[in-house]
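Participant: structure, please.
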Amino acid sequence: MANAPPQFDFDVAIIGCGVGGHGAALHSRGQDLKTAVFSGNDVGGTCVNRGCTSSIALRLYNIPTDTSAEPRLGRHQLMLLLQIHHSSVPSKALLAASGRVREMKDSSHLADLGITVDPDAITYSREGIAAHAKNLANRVKGNLEASLVGLGVDVVEGRGILTGTPHEIRDEATGKVYTAKDIIIAPGSVPFVPPGVTVDEKTVYTSDGALELSFVPEWVAIIGSGYIGLEFSDVYTALGSEVTFIEAMDTLMPTFDREIAKMAERLLIRDRAIDYRTGVFASEVTPGIPGVKPVTIKMIDAKTKEHVETLEVDAAMIATGRVPNTNNMGLEEMGIETNRGFIAVNDKMQVLTKAEGGEVVPNVYCIGDANGKMMLAHAASAQGISAVENIVGREHAVDHMAIPAACFTHPEIAMVGPTEEQAIEMAEKEGWTLGKSQGNFRGNSKALAEGEGNGIAKVLFNKDTGKVVSVHIIGLHAADLIQECSNAVAAGTTVQELSMMVHTHPTLCEVLDEAFKGAVGMSAH
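Facilitator: Residues are numbered from 1 along each chain as shown. This is a model prediction of the structure:
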């Protein structure tokens, strides 16, 4: 193991051990730096233990939030609570299990494949599905812990707190103070519960409580129709629940690309036991008692603030986004001002004293949800690696426009880059011409063989340079297909180059091949 400089206990100390902190620790050890992680008894963080909400940063694209409870913040403040995405490890287990239930009960779809089933004979164990999610989380958490120990990372169980003295971190559990040449702050985020909402994590719960799947409600209201809410609507309807979305904006899925959102509404909402209220806030949510007393939700008009309706449901899920977990970390003692909890950083992930006109705080970095650039687990990991690169003197900046995101509904939704609406504005502002091309799942042999012909892949590109600007996909395995597109954005690959690349036949990636070829006037067979 490397030896830290004599005046410090460690070369690098990382506060937080979610996906971002873990990635930073692995890369730090890869550079032969003596490394410590303050885990706060939460190895894996939100992504592994509770489902990481892939909320793409509001500041990145400046999109309105889709929080759906009455705000007591200004609109600009609410924009910093945007929730696009969704859950990761445990929720993927719930989605996988409930998805199997949905598939096996879809007798019409199976009949098209020559398979006959009695949908009434398909049953599931709620406890078994919940245990699957919990066991998966524990297994992944164990692997993360083992990888840290195996590489020689010192794991401090307590939460790390800045003391106000440069290079110092105090273990909140023991009070012991450690020193490090460089400090990386990676505390993650916590669910945002709007004013007026009472959460008991039993009948009124955040995404954290929903992952317990303590019961399957007959009727559940989901407050917020972003990726978190959309994924859980997929779980609940597959398991037999009726769902009501409560959305503050005038349209469902307000942060999505509009064309994709309309198709998602058709594929994921209209044909399911889902209804919705838009343009309303859940101004008051009161917990109930399962089987005894309903959850009460009072709604007011988002514009007039007049009462419009009161719902009584079996459960309510609060899917209104997440906020940085930066309280009581000693930031003020270091002269660091937060903006609604977010820590300002520059492109090198160096912490600034404040967002506007702030100075660099020497030897302190911040990654992941806490800096608000892009609230995704894999973005946090990329930022952690980038921070370490800058620590060792190799200048690096993460290209957030090339980071993909995905929603693991059935079918899936995935994207990289701005929405079409945002791309149009960018093109007008920057003086280039936007091109658009589309591939369709309905003409794809593999999709048709699976009986899954619904969906599109939309490629937006700069006509002047040919470079891919963004890609939006809804359809079978969209989350896997998006990576090719993300790589193209990151590498500056042109549609001309992509159109000449060979795609395996018959595979779903030919949907992209059709879109790339269409962008240059070619036809795909």
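Participant: ok, then the element right after the helix ranked longest in the chain?
Facilitator: Using DSSP state H, we find that the single longest helix of the chain is helix 126-150. Elements were assigned by DSSP states H and E; along the chain past helix 126-150, the next helix or strand is strand 154-156.
Participant: in that next one, which residues are buried?
Facilitator: 154, 156 (16 or more other C-beta atoms under 10 Å). The way it works is simple: take the backbone N, C-alpha and C, and place the C-beta from them, glycine included.
Participant: what lines up beside that strand in the sheet?
Facilitator: The pairing partners recorded for strand 154-156 under DSSP bridges are strand 35-38 (parallel).
Participant: now the strand it pairs with, how far from the centre of its chain.
Facilitator: 25 Å (C-alpha atoms, centre = their mean, to the nearest Å).
Participant: again, but for stretch 329-344
Facilitator: Taking mean C-alpha positions (C-alpha atoms, centre = their mean), stretch 329-344 and its chain are 23 Å apart.
Participant: between the two ends of that stretch, how far is it?
Facilitator: Across stretch 329-344, the terminal residues are separated by 15 Å (C-alpha to C-alpha, to the nearest Å).
Participant: what are the buried residues along that stretch?
Facilitator: 329, 330, 331, 334, 336, 338, 340, 341, 342, 343, 344.
Participant: burial of residue 397, as a residue count?
Facilitator: 13 (other C-beta atoms under 10 Å).
Participant: surely it meets residue 348?
Facilitator: Yes: under the criterion of C-beta atoms under 8 Å, residue 397 makes contact with residue 348 at 6.6 Å.
Participant: between the two, which contacts overlap?
Facilitator: Both residue 397 and residue 348 are contacted by residue 386, under the criterion C-beta atoms under 8 Å, 6 or more residues apart in numbering.
Participant: and the helix or strand harbouring residue 11, what does it pack against?
Facilitator: Using DSSP H and E, residue 11 maps to strand 10-15. Other helices and strands packing on strand 10-15, by 3 or more C-beta pairs under 8 Å, 6 or more residues apart in numbering; DSSP states H and E, are helix 19-30, strand 35-38, strand 160-162, strand 177-185, helix 377-391.
Participant: hmm, 10 Å instead?
Facilitator: helix 19-30, strand 35-38, strand 154-156, strand 160-162, strand 168-171, strand 177-185, strand 360-366, helix 377-391 (3 or more C-beta pairs under 10 Å, 6 or more residues apart in numbering; DSSP states H and E).
Participant: gap between that strand and the chain center?
Facilitator: 26 Å.
Participant: adjacent strands (with direction) for that strand?
Facilitator: strand 35-38 (parallel), strand 177-185 (parallel).
Participant: on that earlier part again, of all the helices and strands packed on strand 10-15, which one is nearest residue 129?
Facilitator: helix 377-391 (22.5 Å; C-beta to C-beta).
Participant: now do the closest one: which elements does it pack against?
Facilitator: Taking 3+ C-beta pairs under 10 Å, 6+ apart as the contact cut, helix 377-391 packs with strand 10-15, helix 19-30, helix 45-46, strand 177-185, strand 350-352, strand 360-366, strand 404-407.
Participant: most tightly surrounded among those?
Facilitator: Of all those, helix 45-46 has the most neighbours on average by mean count of other C-beta atoms under 10 Å, namely a mean of 30.
Participant: pLDDT of that helix, averaged?
Facilitator: Taken as a whole, helix 45-46 has an average pLDDT of 50.
Participant: same check on stretch 105-118?
Facilitator: 93.
Participant: and the end-to-end length of it?
Facilitator: 8 Å.
Participant: i'd like the first residue to be 820 from this point on
Facilitator: All right, first residue 820 from here; so that's stretch 924-937.
Participant: flag every buried residue along stretch 1230-1245.
Facilitator: For stretch 1230-1245, by 16+ other C-beta under 10 Å, it's 1230-1239, 1241-1242, 1245.
Participant: between the residues you listed, which is closest to residue 1261?
Facilitator: residue 1230 (12.3 Å).
Participant: can you mark which positions in stretch 1265-1285 are buried?
Facilitator: For stretch 1265-1285, burial by neighbour count (16+ other C-beta under 10 Å) applies to 1265-1266, 1270-1271, 1273-1281, 1285.
Participant: and the furthest pair within these?
Facilitator: Top of the distance list for the buried residues of stretch 1265-1285 (C-beta to C-beta): 1270 and 1281, 36.4 Å.
Participant: give me the low-pLDDT residue ranges for the protein?
Facilitator: Applying pLDDT under 70 to the chain flags residues 820-824, 861-907, 1344.
Participant: 90 instead, please
Facilitator: Along the chain, segments meeting pLDDT under 90 span 820-825, 837, 859-911, 952-966, 968, 1026-1028, 1030-1031, 1110, 1140, 1342-1344.
Participant: related to what we said a few turns ago, redo the strands paired with strand 829-834 as TSV? Include distance to residue 936.
Facilitator: Formatted as TSV, the strands paired with strand 829-834 follow (distance: least, C-beta to C-beta, whole Å):
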stretch	distance to residue 936
strand 854-857	48
strand 996-1004	52
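Participant: which of those strands sits closest to residue 1044?
Facilitator: strand 996-1004 (31.6 Å).
Participant: so which elements touch whichever helix or strand comes after that closest one?
Facilitator: Remark: after strand 996-1004, the chain's next helix or strand is strand 1008-1010, criterion DSSP H and E. Counting contacts by 3+ C-beta pairs under 10 Å, 6+ apart, strand 1008-1010 packs against helix 864-865, strand 1023-1025, helix 1026-1029, strand 1141-1143.
Participant: partners of strand 1008-1010 in the sheet?
Facilitator: Partners of strand 1008-1010, by DSSP bridges, with direction: strand 1141-1143 (antiparallel).
Participant: now the strand it pairs with: how far from the chain's centre is it?
Facilitator: With C-alpha atoms, centre = their mean, you get 12 Å for strand 1141-1143.
Participant: how about stretch 1174-1183?
Facilitator: With C-alpha atoms, centre = their mean, you get 27 Å for stretch 1174-1183.
Participant: gap between the two ends of it?
Facilitator: By C-alpha to C-alpha, one end of stretch 1174-1183 lies 15 Å from the other end.
Participant: just to revisit the earlier point, just say which of the helices and strands packed on strand 1008-1010 is most tucked in.
Facilitator: helix 864-865 (a mean of 30).
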